[in-house]
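In: Provide a 3D model corresponding to the input given below.
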Amino acid sequence: MIIDSAKPLIPILIVFFVAILIMLSGKRKNVREFWSVAGSILTFLAVASMVPDIMNGNKILYTVSTIAPGISLNFRVDALSLVFGIISSFLWIFATFYNIGYMRALDEHAQTRYYTCFAIAILGAQGVSFSGSLFSLYLFYEVITIFTYPLVAHHQDSEGYAGAKKYIVYLMGTSKGLLLPATILTYVLTGTLDFSDNITKGIFAKGTDSVWITVTYVLFLFGFAKAAIMPLHNWLPSAMVAPTPVSALLHAVAVVKAGVFCICRVMLSVFGTELLQSLNLGIYTAYLVSFTILVASIIALTKDDLKARLAYSTVSQLSYVIIGVALLDPSGIMGGIIHIANHGFSKITLFFCAGAIYVATKKRKISDMEGIGYAMPFTMGAFAIASLSMIGVPPVAGFVSKWYLLNGAMEIHNLPIVIILMTSTILNAGYFAPITIKAFFKGNGVGWSRSNIKEAPLTMVVPLVLAACISVGLGIFPQFFTQLIGRLIP
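Out: Numbers count the residues shown, from 1 in each chain. I've put the predicted structure just below:
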């Protein structure tokens, strides 16, 4: 049943007013941080209020304005949108507490601008989650890009400006050069930009020219460059010049997740599984992103800088989401979409750990971290748990993703994809396991004890430990997300 309700608009309005209040708080840091914490909690509660409706098999629709026939600023909530909405709003709570510890410990400048842009980026993520049409999706996708630029350039040095320049050129260039033409082509071919209610059907009518459909699909696939499919991935490692909480925002909460979410949305709600199957676009997409999964993992093996290794890990892991949906069978779709949640918790833990290590020790290179587990047991313990999730070891969340992905590949009898998934798991272990081994089993910790190095502030350590614990919880009790995503799959 379709429910006509303004509920999807509420979290977006909450974040909008919170951003204004943060801006008006100026240099009163306690007030500014209060609004951030209150806003993140209220936003999550507003999103969570929509769960019962979706669990009961309903969809929520709200149209703000109809600009022209088939072009509307509207919002639509189904299981897919709720997965991303829940993850981005819930992780914002963690990121806010972590931000307080990080920004205060390093006495960072321009904190009001920082918190304001952070909030508006979340607004963009919420808008992307609940968009009911390509028009709304494009609008909020661009909001994320514009308001994360100042965050990437936060340090305002040459390195920061260079990373931010590459960031904006890649994302704006692809959205204007590929995504916008794809959206226009879709309207010309279908007469509407509204999403389909059925993931099997899409919005293209029978008899539409398959060449134009394929061209439109490819433009969408590369137009959403936030998904970091090779060769449009270089902006992501370059954006690592940003403060670590921003890296967490980019990698786990809003930016890259918006990219893969948009691709999933377009595949399922614009083209539909039947059309993608009939044109073989699904399986070719799976092979395309397989290249990204393997090559990014191999590059990650070569990186000694912790954030750079995590960045290439993200490039690889994002394509797990796409490959799952591209398999076009229920298990694959389940594995791809659930990885939005599972990767979010694991990757935010890893970046929080990298930030905590930097705040406590000022070290970034993995080769300098022998025995660091003796000085920072909670941080490195959480890092080890999140690493196991990324590798896909039970009972951590990443195992659930890989279980469904492998099942999806086997159900369609695609041996090459099975081999690619298993090979990537070995590569994941190859670049994550040495960090934990080095932290806990290399060196005797005497040097760290003498240097009086200890854990980062509690406002940083508590969120990262909780995020790691939730990764375990999602691995043991995945039912909430599997049941939710099940509402999407016919």
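In: which residues touch Arg487?
Out: For Arg487, the contacting residues are Ile54, Met55, Gly57, Asp78, Ala79, by Cβ atoms under 8 Å, 6 or more residues apart in numbering. Placement of C-beta: from N, CA and C, glycine included.
In: And the third one, how far from Leu82?
Out: Using Cβ to Cβ, to the nearest Å, one gets 13 Å for the distance from Gly57 to Leu82.
In: same question, the second one
Out: With the distance defined as Cβ to Cβ, Met55 ends up 9 Å from Leu82.
In: got any residues that touch both of these two?
Out: Residues touching both Met55 and Leu82 by Cβ under 8 Å, 6+ apart: Leu484.
In: Around the residue lying closest to Ser247 once chain neighbours are set aside, how many other residues sit close by?
Out: Excluding the flanking residues, the one nearest Ser247 by Cβ to Cβ, 6 or more residues apart in numbering is Phe351, at 5.0 Å. The number of residues packed near Phe351 is 30, by other Cβ atoms under 10 Å.
In: Also Gly177?
Out: Using other Cβ under 10 Å, Gly177 has 13 neighbouring residues.
In: In a strand, it, correct?
Out: No. When classified by DSSP: H, G, I helix; E, B strand; the rest coil, Gly177 is found to be helix rather than part of a strand.
In: which ones are touching the closest residue to Lys59 other than its chain neighbours?
Out: Excluding the flanking residues, the one nearest Lys59 by Cβ to Cβ, 6+ apart is Asp78, at 5.0 Å. By Cβ under 8 Å, 6+ apart, the residues touching Asp78 are Ile54, Lys59, Arg487, Leu488.
In: Could I get the full set of helices for the stretch 1-150 of the chain?
Out: Using DSSP state H, counting those that start in this stretch, the helices of the stretch 1-150 of the chain run over 9-25, 29-48, 51-55, 79-105, 111-130, 134-152.
In: Between helix 79-105 and the second one, find me the angle.
Out: Right, the one you point to is helix 29-48. In terms of direction (axes from the mean of the first three to the mean of the last three Cα atoms, to 10 degrees), helix 29-48 departs from helix 79-105 by 170 degrees.
In: what pLDDT, on average, does helix 29-48 get?
Out: Per-residue pLDDT values across helix 29-48 average out to 95.
In: Pull out the buried positions in that helix.
Out: Residues of helix 29-48 classed as buried under the neighbour-count rule (16 or more other Cβ atoms under 10 Å) are 32-33, 35-37, 39-44, 46-47.
In: any chance you could read off phi and psi for Asp194?
Out: The phi and psi values for Asp194, taken as degrees, to the nearest 10, are phi -70, psi 140.
In: quick one: contacts for the residue nearest the centre of the chain?
Out: Computing the C-alpha centroid of the chain and ranking residues by Cα atoms, centre = their mean puts Lys257 first, at 2.4 Å. If a contact means Cβ under 8 Å, 6+ apart, then Lys257 has Phe84, Ile87, Ser88, Ala125, Ile340, Gly344 as its contacts.
In: State the helix or strand in which it lies.
Out: Element membership for Lys257, per DSSP states H and E: helix 255-266.
In: between Met55 and Leu82, which one's more packed in?
Out: For Met55 versus Leu82, neighbours defined as other Cβ under 10 Å are more numerous around Leu82 (26 against 15).
In: Could I get the contacting residues of that one?
Out: By Cβ under 8 Å, 6+ apart, the contact set of Leu82 is Val47, Met50, Val51, Ile54, Ser129, Leu484.
In: For it, give me the pLDDT.
Out: Per the predicted model, pLDDT is 95 at Leu82.
In: Next: Thr200.
Out: We note a pLDDT of 92 for Thr200 in this prediction.
In: Now for Pro330, how many residues are close by?
Out: 18.
In: got it, and Ile146?
Out: The number of residues packed near Ile146 is 15, by other Cβ under 10 Å.
In: need the helix or strand of this structure with the lowest average pLDDT.
Out: Lowest by mean pLDDT, DSSP states H and E among the helices and strands of the chain is helix 446-450, with a mean of 65.
In: This structure: strands as residue ranges?
Out: For the chain, strands defined by DSSP state E occupy the ranges 2-4, 59-68, 71-77.
In: got those strands as CSV, with mean pLDDT and mean neighbour count columns?
Out: Below are the strands of the chain laid out as CSV (pLDDT from 0 to 100; neighbours: other Cβ atoms under 10 Å):
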stretch, mean pLDDT, mean neighbour count
strand 2-4, 91, 11
strand 59-68, 95, 15
strand 71-77, 95, 21
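In: JSON lines please, covering these and showing distance to Asn99.
Out: What follows is the strands of the chain, written out as JSON lines (distance: least, Cβ to Cβ, whole Å):
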{"stretch": "strand 2-4", "distance to Asn99": "35"}
{"stretch": "strand 59-68", "distance to Asn99": "31"}
{"stretch": "strand 71-77", "distance to Asn99": "28"}
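In: Could you point out which of these sits nearest Tyr98?
Out: Nearest to Tyr98, of all those, is strand 71-77, at 28.1 Å by Cβ to Cβ.
In: so what pLDDT did Ser387 get?
Out: On pLDDT, Ser387 comes in at 96.
In: what's the answer for Tyr102, then?
Out: Among the per-residue scores, Tyr102 holds a pLDDT of 84.
In: thought it was touching Val359?
Out: Yes. At 6.3 Å, Tyr102 and Val359 qualify as touching, with contact defined as Cβ atoms under 8 Å.
In: Now do the shared contacts for those two.
Out: Joint contacts of Tyr102 and Val359 (Cβ under 8 Å, 6+ apart) are Met460.
In: the inter-axis angle of the longest helix along the chain versus helix 255-266?
Out: When the chain is parsed with DSSP state H, its longest helix is helix 330-361. If you take the same axes, to 10 degrees, helix 330-361 sits at 170 degrees to helix 255-266.
In: per-residue confidence averaged over helix 330-361?
Out: 93.
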